[in-house]
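Undergrad: Curious how this folds, go ahead:
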Amino acid sequence: MAVAHGIRMMQTGGPEVLTWGELPEPEAGPDDLVVRLHAAGLNFIDTYHRSGLYPVPLPYVPGVEGAGEVVAVGPGAAAAGFAPGHRVAWTSVPGSYAELVRVPARNAVTVPAAVSSETAAAVMLQGMTAHFLVTDTFPLGPGHRCLIHAAAGGVGRLLVQLAKQRGAEVFATVGSPAKAEMVRALGADHVIDYRTRDFAADVEAVAGPRSLDVVYDGVGKAVFEASLGLLRRRGLMATFGNASGPVDPVAPLRLMQLGSLFLTRPTLADHLVERSDLLRRSGELFEAIGAGRLDVEIGLRLPLAEAAEAHRRLESRTTTGKVLLVP
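TA: Numbering: from 1, shown residues only. Okay, the predicted model is just below:
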């Protein structure tokens, strides 16, 4: 049997469970593509799969996002317009930490000439997450006030830009002076270093108590309670990540006591139910990138074989922008 190489985990645990080695070479099923990887995107969900927070079948090839060149096409995928040599990007495809990836055609989108493969890999999960948060979870518009946690991270820096383009006033938290400078340059109105400041007190000093329409939170446990206290009556808490650990259970009565708040834990899969959703969201992002309206930072590139080190750096919360694994 022909072989390729990639990352496999035989058990859950720390980054050390990610090992480099040979993998069976995938074959294209009737509705599949086989893609030679140009770049795989690293996301916190990969660390949740690795740690066991989100259970996966073992052994497991991690990674759910990437971009590359099509090398084989099933008949159904060919009928959908895909062909060898096309550049495509995808998300929600387990097994993406590999030199060759089997990608269902329904999960793939063609990458336009104006967008590099690395940039496409960087925005499929994080970019479309930022997109649905500002367009669907809480549709931002002029006059709205939002708080974006981890604003220098992969989702955060895209959220800042999309929120400003929709006319919102943006409060942002970051973890260092360098990150603060970066996020200000993206247009955030108020930037708070949460390591040295009480972010809730600083938000209230500017906007007053309970003044935010929405909090977009990818951090989780460490900021959740203080963030709830900043929301106006009937404000919305959108918690979409667990970088500091999962949020403790919340009693519905507490949401009533704080002003009939709304709480949601959205996920990208529920915003890509139809293929038209995938094409619309990715298409709007690619158009904005090509036109220069959306800046995508590749904060770190590491060889695919060094996935364990990439996980260590991501979990240390010292990275900015997107982390990519490159064959």
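
Undergrad: Now do the contacts for Val155.
TA: Gln126, Thr129, Ala130, Gly218, Phe240, Gly241 (Cβ atoms under 8 Å, 6 or more residues apart in numbering). (Each C-beta comes from the backbone N, C-alpha and C, glycine too.)

Undergrad: swap that for Leu236, sorry
TA: Thr137, Phe138, Asp213, Val214, Val215, Leu261, Phe262, Leu263, Thr264.

Undergrad: tell me which of these is nearest to Thr12?
TA: Set against Thr12, the nearest of the contacts of Leu236 by Cβ to Cβ is Thr264 (27.5 Å).

Undergrad: Could you check how many residues crowd around that closest one?
TA: Close neighbours of Thr264, defined as other Cβ atoms under 10 Å, add up to 13.

Undergrad: For the closest residue to it other than its chain neighbours, give the beta-bridge partners.
TA: The shortest distance from Thr264 to any non-neighbouring residue, by Cβ to Cβ, 6 or more residues apart in numbering, is to Ala238 (5.5 Å). Beta-bridge pairing of Ala238 under DSSP bridges involves Tyr216, Thr264.

Undergrad: Can you give me the end-to-end span of stretch 77-88?
TA: For stretch 77-88, the first-to-last residue distance is 12 Å (Cα to Cα, to the nearest Å).

Undergrad: which residues sit against that stretch?
TA: By Cβ under 8 Å, 6+ apart, stretch 77-88 touches 28, 30-33, 35, 38, 67-73, 103, 105, 108-111, 117, 120.

Undergrad: I'd assumed Gly41 was in a helix, is it?
TA: No. Under DSSP: H, G, I helix; E, B strand; the rest coil, Gly41 falls outside any helix and is assigned strand.

Undergrad: Now do the contacts for the closest residue in space to it that isn't next to it in sequence.
TA: Sequence neighbours aside, Glu65 is the residue nearest to Gly41 in space, at 3.9 Å (criterion: Cβ to Cβ, 6+ apart). Glu65 sits next to Ala40, Gly41, Asn43, Ala89, Trp90, Thr91, Ser92, Val93, Ser96, Ala121, Met124, Leu125 when contact means Cβ under 8 Å, 6+ apart.
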